[in-house]
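Asks: sequence unknown, structure follows:
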């Protein structure tokens, strides 16, 4: 017989904080139609969202090794820990990339936040409130 050890999860408050973090990043990107970069220093992570023609791309980077580009395309100068593409046509599957080697340098708390943000990127829905207002939500 063996004992199954369950990994600890984030608190409800921490999950709400991550939902707000991801939601605001998506909403700003949809409003500006430009690459949007937001950092969450508490977890040593940077989230970048960009809108391509047929999909929205969300990428997670490590803040402590992140270089900001002067031309505004920081995602080209850094290797993401995670990158996911969500196609507007729901028939298309999400395209996902995870850099497992770089994850080893994160603390357990930061890894938990990382995987929860990955799930939020994969599962968000966009509600159009008005012509200049969007709301990110999870079902």
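Replies: Thanks, I have the structure now. Here the structure is a predicted model, which means the values were calculated and not measured.

Asks: show me where the protein has strands.
Replies: Taking DSSP state E as the test, the strands found in the chain are 36-40, 45-51, 55-62, 82-87, 95-98, 124-130, 133-138.

Asks: and the shortest one, which residues are buried?
Replies: To tie it back to what came earlier, the one meant is strand 95-98. Neighbour-count burial for strand 95-98 flags residue 98 (criterion: 16 or more other C-beta atoms under 10 Å). For every residue, glycine as well, the C-beta is placed using N, CA and C.

Asks: what's it in contact with?
Replies: With contact meaning C-beta atoms under 8 Å, 6 or more residues apart in numbering, strand 95-98 is reached by 80-85, 118, 122.

Asks: so how do I select the buried members of these in ChimeraX?
Replies: The ChimeraX selection below is limited to those of the contacts of strand 95-98 classed as buried (16+ other C-beta under 10 Å):
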select :80,81,82,83,84,85,118
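
Asks: with pLDDT added, can I get the contacts of strand 95-98 in JSON lines?
Replies: Formatted as JSON lines, these follow (pLDDT from 0 to 100):
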{"residue": "80", "pLDDT": "91"}
{"residue": "81", "pLDDT": "93"}
{"residue": "82", "pLDDT": "93"}
{"residue": "83", "pLDDT": "92"}
{"residue": "84", "pLDDT": "89"}
{"residue": "85", "pLDDT": "88"}
{"residue": "118", "pLDDT": "93"}
{"residue": "122", "pLDDT": "88"}
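
Asks: returning to that earlier point: could the strands of the chain go into a markdown table alongside distance to residue 9?
Replies: Supplementary listing: the strands of the chain in a markdown table, determined by distance: least, C-beta to C-beta, whole Å:
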| stretch | distance to residue 9 |
| --- | --- |
| strand 36-40 | 18 |
| strand 45-51 | 17 |
| strand 55-62 | 18 |
| strand 82-87 | 18 |
| strand 95-98 | 19 |
| strand 124-130 | 19 |
| strand 133-138 | 16 |
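
Asks: which stretch in those strands has the least confidence?
Replies: Lowest mean pLDDT within the strands of the chain: strand 95-98, a mean of 82.

Asks: nice, that's everything, thank you.
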